[in-house]
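> Have a look; sequence and predicted model below, questions after that.
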Amino acid sequence: MMENHLFVAGHTACGGCGQAIAARLVVDTLGKNTIVCNATGCLEVFSTKCPQSSWRIPWIHSLFENAAAVASGVEAALKYLGKENINVCAFAGDGGTSDIGLQALSGMLERGHNVLFCCFDNEAYMNTGIQRSGLTPYEASTTTSPAGKIWRGNWRKKKPVVEICASHFIPYSASASVGFPQDLQRKVKKAASIRGPKYIQIHCPCPLGWGFDASLTLEIAKNAVFAGLYPLVEYEYGEVVKVFKIGNNKKPVDEYIKFQRRFRHLLKDEEALEELQKIADKNIEYYKLV
Amino acid sequence: MRKFLEGSHAVAEAVKLSRVGVISAYPITPQTHIVERLAEFVADGELNAQFINVESEHSAASVVLGAEATGVRAFTATSSQGLILMSEVLFNIAGLRLPLVLVCANRALSAPINIWNDHQDAIALRDSGWIQFYAENNQEVHDFIYQAYKLAENPEIMLPVMVNMDGYILTHGMEPVDIPSQEKIDEFLPPYTPPYKLDVENPLSMGLLGDPTVYLETRYAIQKTLEDVLKLIPQIGEDFESIFGRKGVALLEKYRIDGAEDVIVAMGSVCGTVKDFIDKKRKEGFPLGLLKIVTYRPFPKEEIFSFLKDKKNVFVLEKAISLGSDGPLYTEIKSLFKNSLPKICGFIAGLGGRDITFNTLEEMLAVGRKEMVSSYFLDVNHTLLRDKFFI
Amino acid sequence: MFAPLVAKPGSSKDNKTGSWRTLKKPKFLHKNCIGCGMCKLICPEACVNKKDRNFYEPDYSYCKGCGLCSYICPKKDIIMVKEEE
């Protein structure tokens, strides 16, 4: 029965891991004509501890910052061999996408390789122990941006990587969430039908890193979208073509943060909570989410 | 067909004839002409390869890593800072057992920034598991590339090879080079058929997490493979000679070493200067010889030992220094000899592209005969140091 | 000696992560199932299998007891029970 899946059980992810759901949905949707180049991170570590692998498609891990470059090389080799109907993907987490991996990602997009880059956004460097990344949201507490007597958690907003990729005028740059799995599948299918560089950033709540019970992963993912803190948008050639309308499902930010230990310090801090709500409201206005 | 061309173009010709499928490199002086000539070949349809312009050397090495993993012969070239920047990926390539061939146009390392030749860059990668050849002239660089692919892609070996050529001296120096025909090259170098690759018909996972129960064995395997490489290199050189009628790659080369009591040991293009120097000294009645090291990694311990053990004075001349210790070549040669004979001295010269002339070599002989030195810097301009450079 | 670290596809199945469960596990009631397949779609372990149109079952040898299948079921046909049951 498990033979249907291209990412199978037996991996050592935490129970309820958002990344495990996302990775499986992506490769199952793409099908067996897929090659994945994975950066160092949670996904790589929990899925391929020698001698085991959860991947049933060809898979390679090289280093932390070069997933996009390795994928470029695989794509070039397949072009040389005349095998052009294979999906080449680069998978990376926060770091491998927005920080240490940004150079290689930008280069791959600029050169126009036929590669789908998926960022598994769990909003910190989880594999190394929950340190702050460029995709850590405003006021989230991480081990290198902790909430303390003076600090209020992360003092910077999320790096807008979806927009950075879109500004390369690539055919498709989108955000998705494991809270909306069918929407994610649709976006992956759409990306697979396009020739050229594609970017999908997938919101993957992390029970251990964010501090919530494993059974709440999907609830929290949905609330991030309904609060306006994780807009689900689609860009084509630099223009917004579609957004996921929140409509009547709009929630205030405290509904989103209330279960998460990384935001606990905000519940006693009116001013800080207001700052976060402002960010959400700005997103809603900018993308016309209601 | 004989052509009169600079070393970088000789490299490009060899890469073309090797039917490389993916080329990716980032420009850095003095390697640039290699990549530019290859781009011309691809642009004119003379070479059917994917040419990927990347945004850094780190990505260049990563692109060719991905290509080799997919089963396509790939090539990159770099120098100095580029080699050091991609060093993370180079260790990764050796550990993944991918048979990449890389040409390094040897150049000094910053700081200070210096675009001229020495060996510090490639020597810094000596621990990586890469096989390293040092070429003396453009013909050798050209020929080494075919032999490098043949060696690397051997299914029992599957380790990457670095072909070193001195920056500017060989890259920009023009020499006559004999370029074989495509048919002859195809006879010598078959297509690349990897034991394993990224293939949707045969999926597998590469680059796994190797915990303490397995990591040690992977390093042991590379070490054992490099021992096999020592035996395989002379064979490949002989195969090459039988098809092309000239000497192929070897571990070492001896020049007038018979009857010599004093031997100079060196690598790379300086051997050309040393050979002329030896001819001059022999005319003056001094029996001097040269042991040229062609294969630096794996290090041919037994062969070097057997050629030097009966000599009186050995002068190790190198263009690199392990700062805080001695020259790496000197250190490795000295460790082969437990007794006090032969007398081995280490000399550092030519750093940052400083010319090595007959005067430099005379100074080396004079000092080496009188004193016992392990890392004596030749040709130092003490007035510069007295004046504390330029402030 | 060519000894790269390579793994066969899906070899992680040898690792029975069901032993991770300590507190709770899902119980599929098979009373109100409408066959939407969401439980199978979102399981992080990919261990919910479809046996029939309205009959899905978890593979307890891999289930880590996260409870997401119970959360997502629109008909509340999956409940979390104590491990001992």
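Structure's in. What do you need? Bear in mind the structure is a predicted one, so any value in this text is a computation, not a measurement.
> Kindly provide the distance from residue B:163 to chain C.
Residue B:163 is 22 Å from chain C, where distance means C-beta to the nearest C-beta, to the nearest Å. Quick note: C-beta positions are derived from backbone N, CA and C, even for glycine.
> Shouldn't that residue be within a helix?
No: counting by DSSP: H, G, I helix; E, B strand; the rest coil, residue B:163 is not part of a helix but strand.
> so where does residue B:68 fall, helix or strand?
helix B:57-69 (DSSP states H and E).
> counting contacts, what elements does that helix pack onto?
Here helix B:57-69 is seen to pack against helix A:67-81, helix A:102-111, strand B:22-25, strand B:50-53, strand B:74-78, helix B:80-85, helix B:87-95 when contacts are counted using 3 or more C-beta pairs under 8 Å, 6 or more residues apart in numbering or on different chains; DSSP states H and E.
> Format the ones you listed as JSON lines; extra columns: mean neighbour count, distance to chain C and mean pLDDT.
Below are those laid out as JSON lines (neighbours: other C-beta atoms under 10 Å in any protein chain shown; distance: least, C-beta to the nearest C-beta, whole Å; pLDDT from 0 to 100):
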{"stretch": "helix A:67-81", "mean neighbour count": "29", "distance to chain C": "16", "mean pLDDT": "98"}
{"stretch": "helix A:102-111", "mean neighbour count": "22", "distance to chain C": "23", "mean pLDDT": "97"}
{"stretch": "strand B:22-25", "mean neighbour count": "28", "distance to chain C": "20", "mean pLDDT": "97"}
{"stretch": "strand B:50-53", "mean neighbour count": "20", "distance to chain C": "24", "mean pLDDT": "97"}
{"stretch": "strand B:74-78", "mean neighbour count": "31", "distance to chain C": "17", "mean pLDDT": "98"}
{"stretch": "helix B:80-85", "mean neighbour count": "23", "distance to chain C": "24", "mean pLDDT": "97"}
{"stretch": "helix B:87-95", "mean neighbour count": "21", "distance to chain C": "8", "mean pLDDT": "97"}
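> what number of residues lie near the closest residue to chain B within chain C?
Using C-beta to the nearest C-beta, residue C:3 is the residue of chain C that sits closest to chain B, at 3.8 Å. Close neighbours of residue C:3, defined as other C-beta atoms under 10 Å in any protein chain shown, add up to 16.
> who touches residue 22 in this structure?
No chain was given, so I picked chain A. Residues in contact with residue A:22, defined by C-beta atoms under 8 Å, 6 or more residues apart in numbering or on different chains, are A:118, A:120, A:178, A:184, A:202, A:204.
> not what I meant, chain C
Residue C:22 sits next to C:65, C:83 when contact means C-beta under 8 Å, 6+ apart.
> one more time with 10 Å
For residue C:22, the contacting residues are C:64-65, C:83, by C-beta atoms under 10 Å, 6 or more residues apart in numbering or on different chains.
> Kindly report the same for residue A:130.
A:122-124, A:136, A:140-144, A:146, A:206, A:208-211, A:262.
> where does the closest residue to it other than its chain neighbours sit relative to residue B:346, distance-wise?
Spatial nearest neighbour of residue A:130, excluding adjacent residues (C-beta to C-beta, 6 or more residues apart in numbering or on different chains): residue A:209 at 4.5 Å. According to C-beta to C-beta, to the nearest Å, residue A:209 stands 53 Å off from residue B:346.
> same check, this time on residue B:164
According to C-beta to C-beta, residue B:164 and residue B:346 sit 20 Å apart.
> List phi and psi for residue 25.
Using chain A here. Main-chain dihedrals, residue A:25, degrees, to the nearest 10: phi -60, psi -40.
> I was thinking of chain C, sorry if that wasn't clear
Dihedral angles (degrees, to the nearest 10) for residue C:25: phi -140, psi 160.
> Contact partners for it?
When contacts are counted by C-beta under 10 Å, 6+ apart, residue C:25 is found next to C:18, C:58, C:60, C:63-65, C:67, C:70, C:80-85.
> Report the residue spans of chain B with pLDDT below the cut-off.
For chain B, the stretches with pLDDT under 70 are B:391.
> Minimum distance to chain C, which residue of it gives it?
residue B:221 (3.8 Å).
> Which residues belonging to stretch A:157-177 are considered buried?
By neighbour count on 16 or more other C-beta atoms under 10 Å in any protein chain shown, the buried set for stretch A:157-177 is A:158-159, A:161-162, A:164-166, A:168-177.
> measure stretch A:92-100 end to end?
By C-alpha to C-alpha, to the nearest Å, the extent of stretch A:92-100 from end to end equals 11 Å.
> ok, is that stretch in contact with chain C or not?
No: using C-beta under 10 Å from any C-beta of the partner chain, stretch A:92-100 stays clear of chain C, coming no nearer than 15.9 Å.
> chain center to that stretch: distance?
How far stretch A:92-100 lies from its chain's middle: 10 Å, per C-alpha atoms, centre = their mean, to the nearest Å.
> coming back round to it: I figured the residue nearest to residue A:130 was touching residue A:122, is that so?
Yes: with contacts counted by C-beta atoms under 10 Å, residue A:209 reaches residue A:122, the gap being 6.3 Å.
> so where do the strands sit in chain C?
C:6-7, C:24-28, C:48-52, C:55-58, C:78-82 (DSSP state E).
> Mean pLDDT for the ones you listed - can I get that in CSV?
Shown next, in CSV, are the strands of chain C (pLDDT from 0 to 100):
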stretch, mean pLDDT
strand C:6-7, 94
strand C:24-28, 95
strand C:48-52, 94
strand C:55-58, 95
strand C:78-82, 95
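> Determine which of those approaches residue A:46 most closely.
Nearest of the strands of chain C to residue A:46, taken as C-beta to C-beta: strand C:6-7 at 13.5 Å.
> Just checking: what are the partner strands of the closest one?
Applying DSSP bridges, strand C:6-7 is found paired with strand B:205-206 (antiparallel).
> just the strands in chain A please.
So, for chain A - with DSSP E - the strands run A:34-38, A:59-61, A:87-92, A:115-121, A:172-177, A:198-203, A:233-236, A:239-243.
> If anything else comes up later, I'll come back, but that's it for now.
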